[in-house]
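S.K.: What follows is a predicted structure for the sequence shown.
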Amino acid sequence: MRSARTGLSRRGLLQLLPLGVLALGQPRLGHGQVATPPREPPAERIIPLGPATVRELHGSAWAISLPRKGQPAGTQPSRRPLKVGDKVTAGEQVQTGAPAAAATTAPAEDRIQLVFADQTQLRLGADTLVTLMSDERRCLLGRGRVLVQGDRWLGGLSVWLQRVALLPEGTTYLVELQPGPQGAAQLTVLEGSVSVCPITASKTLLPATEERTVLPGEQVLLHEPKLNRRIRPLAQALASEPLLTRFATPLPSLPQLTDLSKQQVRGILAGRNQRLRRELFWKRPPRKPLQLPALLAVPGSVEIRYYYPE
């Protein structure tokens, strides 16, 4: 379309205008006016999860209330058996019973499903100990196996261990920790992504390494100094993983898990993960260091640091 007065096209007219006039969304400044700098994005705010409700329970499980600050020395933890419908609050531990004896003809491993108000789910297998820190959207795994499922837009639920913190981004993932101070730990991501962040101290326990991302169908051993990704067949997990199959209520993320398992069988999931890992690493904004919870603290000033390329 041409202008009747100048005979120039609209594109030609735009080329003649000063560059400052073309800034979209920026009003023209009058004499003596100064452009205001752009506002900084709002600080990240953690929305507490609140108490968890026991949705399913098979076998035995207990809630353990740990002694709090200000209580007399020598105060013993209180222990109460859990049942469906009970609430478990921040600061309480949840412990499930030990696996059934090998001689039992029909072993029924103890397991429990906790659901928070925003539908974030935490499933515990047999002989598992977890401390809830739901105000910070995290839990501390002392031993055993857990499955976490959460919505990325709501914040999810992170799992912390002695040496690493696992920060999910809307993810379904499994964590297994063997008992003992040097117990082997394993992470399996079924859907979404998990950042494996090493914990460092002033007296270094582990070498400082950059943040590492684990994506669907990948499994890593967390006690090894180098993050070696192995393939975990998702179809096999959907068919045989007890924390997926041995609960009456299906996970909300089950459709995504099924779709990802099909992508893995077709051979396209690995390429998708490679592209996504590169995108997440270069575009994710830096996070501030996180203090290690007192329940896991070791001597010295301890914090988690995130490393990004210059």
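M.R.: Nice, I can see it.

S.K.: which secondary structure element contains residue 275?
M.R.: helix 269-283 (DSSP states H and E).

S.K.: and what of residue 260?
M.R.: helix 254-266.

S.K.: ok, back up a step: give me the residues contacting the helix holding residue 275.
M.R.: Outside helix 269-283, the residues that touch it by Cβ atoms under 8 Å, 6 or more residues apart in numbering are 169, 193, 211, 213, 215-218, 260, 263-264, 309. C-beta coordinates here come from the backbone N, C-alpha and C atoms, glycine included.

S.K.: PyMOL command to pick out the buried ones of these?
M.R.: Selecting just the buried residues from the contacts of helix 269-283 in PyMOL takes one command, with 16 or more other Cβ atoms under 10 Å as the test:
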select buried, resi 169+193+211+213+215+216+217+218+260+263+264
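
S.K.: and the contacts of helix 269-283, which of them are in strands?
M.R.: Among these, the members found in strands (DSSP state E) are 213, 218.

S.K.: As TSV, the contacts of helix 269-283 with pLDDT and distance to residue 154 would be great.
M.R.: Formatted as TSV, these follow (pLDDT from 0 to 100; distance: Cβ to Cβ, whole Å):
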residue	pLDDT	distance to residue 154
169	83	11
193	91	16
211	61	22
213	88	20
215	94	20
216	96	19
217	96	24
218	95	23
260	96	21
263	96	25
264	96	26
309	37	29
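
S.K.: List the contacts of residue 84.
M.R.: Residue 84 sits next to 54-57 when contact means Cβ under 8 Å, 6+ apart.

S.K.: so what's it scoring on pLDDT?
M.R.: pLDDT recorded at residue 84 is 96.

S.K.: Against residue 152, how distant is it?
M.R.: 28 Å (Cβ to Cβ, to the nearest Å).

S.K.: cool, residue 226 as well?
M.R.: Per Cβ to Cβ, residue 226 is found 28 Å from residue 152.

S.K.: which of the contacts of residue 84 sit farthest apart?
M.R.: 55 and 57 (8.3 Å; Cβ to Cβ).

S.K.: quick one: common contacting residues for the two?
M.R.: Common neighbours of residue 55 and residue 57, using Cβ under 8 Å, 6+ apart, are 84, 113.

S.K.: residues contacting the closest residue to residue 191 other than its chain neighbours?
M.R.: In this structure, residue 191 finds its nearest non-sequential neighbour in residue 172, 4.3 Å apart by Cβ to Cβ, 6 or more residues apart in numbering. Contacts for residue 172 were tallied using Cβ under 8 Å, 6+ apart; they are 147-149, 189-192, 251, 253, 256-257.

S.K.: if we go to 7 Å?
M.R.: With contacts defined as Cβ atoms under 7 Å, 6 or more residues apart in numbering, the neighbours of residue 172 are 149, 190-192, 251, 253, 257.

S.K.: That concludes my questions; thank you for your assistance.
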